[in-house]
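> Task: produce atomic coordinates for the following.
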Amino acid sequence: MKFLQTIRKMSQEISDVKLSALRLKYHERKEAFLEENINVKNPFCVFRDWLELALKTPEILEPNAAALATVSPEGKPSNRFVLVKEATAEGFTFFTNYKSRKADEIKANPNVAISIYWLPLRRSVRIEGVAEKIPLEDSLKYFHERPRASQIGSAASPQSQRIPSRNYLDQVEAEIKERLGPDGEVPLPSWGGYLVRPNLIEFWQGQTDRLHDRIRFRRGAGVESEVDGELVHKGEDGWVYERLAP
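Sure, this is the predicted structure:
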């Protein structure tokens, strides 16, 4: 609560303070994120440990909130927040409307980036990889695990498309409810999951002196040939890792 009160106070005073003067206290030097403290040199293991801490931190209300970046066929980037619903050794899964802007851009260019920021921990994770649709049966299973109101909402919304008003959505939702009745199963709309298979995962931890810690893991064709034991180090399961300057 003290952390939230501090943020609210900052928000109240922001009109009287230059943005360039805003400063938050980060980690001290003794809390640095060091390579020797990574027990298993695999980014999924590091992510799991960081996520577990985020889940236990009361101030982090949505630890799975992530900014997803895609690129249009014209090369123009766009960014929006999604919820990561699964994180495994395969990658990171989120769900969306398959006719949305993000889906159209992924179809044209499956290379995406994900950023997660856990402010109370002063930690961030950057992920780059390739997005692919998950199997239909997996999307269907998760869709029907959602609250029924959320299922109907997904069916009612033509995501990213122009609509005449908010009332339009309410009318479509009401029509679906009337058609299905109180117990009718909601059909799966053009909606489902994407799995982002990463080829790069970077872990960032803020330091008060601004000499932030950045450790990056990479994998892919030819990366292991870069290992020199000084700048690039061999990790596990085909990953290499390196420290970047802040």
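
> quick check, Val82 in a strand?
Yes. With DSSP: H, G, I helix; E, B strand; the rest coil as the criterion, Val82 is located in a strand.

> Which stretches in the protein count as strands?
65-71, 77-83, 86-87, 92-97, 111-118, 123-133, 191-205, 213-218, 233-234, 240-243 (DSSP state E).

> what about the fourth one, average pLDDT?
Translated: strand 92-97. Average pLDDT, strand 92-97: 98.

> hey, what's Phe95 bridged with?
Gly193 (DSSP bridges).

> quick one: it from Leu51, how far?
18 Å (CB to CB, to the nearest Å). Placement of C-beta: from N, CA and C, glycine included.

> quick one: stretch 197-205 to chain centroid distance?
11 Å (CA atoms, centre = their mean, to the nearest Å).

> So which bits of that stretch are buried?
Using 16 or more other CB atoms under 10 Å as the test for burial, stretch 197-205 gives 198-205.

> among these, which two are most distant?
Across the buried residues of stretch 197-205, no pair lies farther apart than Asn199 and Gln205, at 21.9 Å, counting by CB to CB.

> Any stretches of the protein with poor pLDDT?
For the chain, the stretches with pLDDT under 70 are 1-17, 23.

> show me the contacts for the residue nearest to the spatial centre of the chain.
By CA atoms, centre = their mean, the chain has its centre lying nearest to Ala66, at 2.7 Å. In this structure, Ala66 makes contact with 81-84, 92, 94, 114-116, judged by CB atoms under 8 Å, 6 or more residues apart in numbering.

> For Pro158, which of the strands of the chain is the nearest?
Counting by CB to CB, Pro158 lies closest to strand 92-97 out of the strands of the chain; the figure is 7.8 Å.

> Out of the buried residues of stretch 197-205, which is nearest to Glu236?
If you rank those by distance to Glu236 using CB to CB, Ile201 comes first, at 13.1 Å.

> and that closest one, bridged to which residues?
Ile201 has these beta-bridge partners by DSSP bridges: Ile127, Phe217.

> Please verify my assumption that it contacts Pro43.
Yes. In terms of CB atoms under 8 Å, Ile201 counts as a neighbour of Pro43; the distance is 3.9 Å.

> what do those two both touch?
Joint contacts of Ile201 and Pro43 (CB under 8 Å, 6+ apart) are Phe217.

> And the helices in this protein, which stretches?
With helices called from DSSP state H, the chain shows them at 2-13, 43-55, 101-108, 136-143, 148-156, 166-180.

> As CSV, those with distance to Gly129 and mean neighbour count would be great.
CSV is the format used below for the helices of the chain (distance: least, CB to CB, whole Å; neighbours: other CB atoms under 10 Å):
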stretch, distance to Gly129, mean neighbour count
helix 2-13, 31, 10
helix 43-55, 11, 17
helix 101-108, 12, 18
helix 136-143, 18, 14
helix 148-156, 25, 17
helix 166-180, 33, 13
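
> just so I know, which of those helices lies nearest Arg123?
helix 43-55 (6.1 Å).

> Which residues outside the closest one are in contact with it?
Contacts of helix 43-55 (CB under 8 Å, 6+ apart): 38-40, 60, 63, 87-89, 118, 121, 123, 125, 198, 201, 203, 217, 235, 239, 241.

> Report the buried members of the residues you listed.
Burial by neighbour count, judged by 16+ other CB under 10 Å, picks out 38, 60, 63, 87, 118, 121, 123, 125, 198, 201, 203, 217, 235, 239, 241 from the contacts of helix 43-55.

> hang on, isn't Phe217 packed against Val232?
No. Applying CB under 8 Å, one finds Phe217 not in contact with Val232, separated by 10.9 Å.

> shared neighbours of these two, which are they?
240-241.

> How many neighbouring residues does Asp209 have?
Residues lying near Asp209 (other CB atoms under 10 Å) number 10.

> Can you give me the distance of it to Gly238?
Counting by CB to CB - Asp209 and Gly238 are separated by 34 Å.
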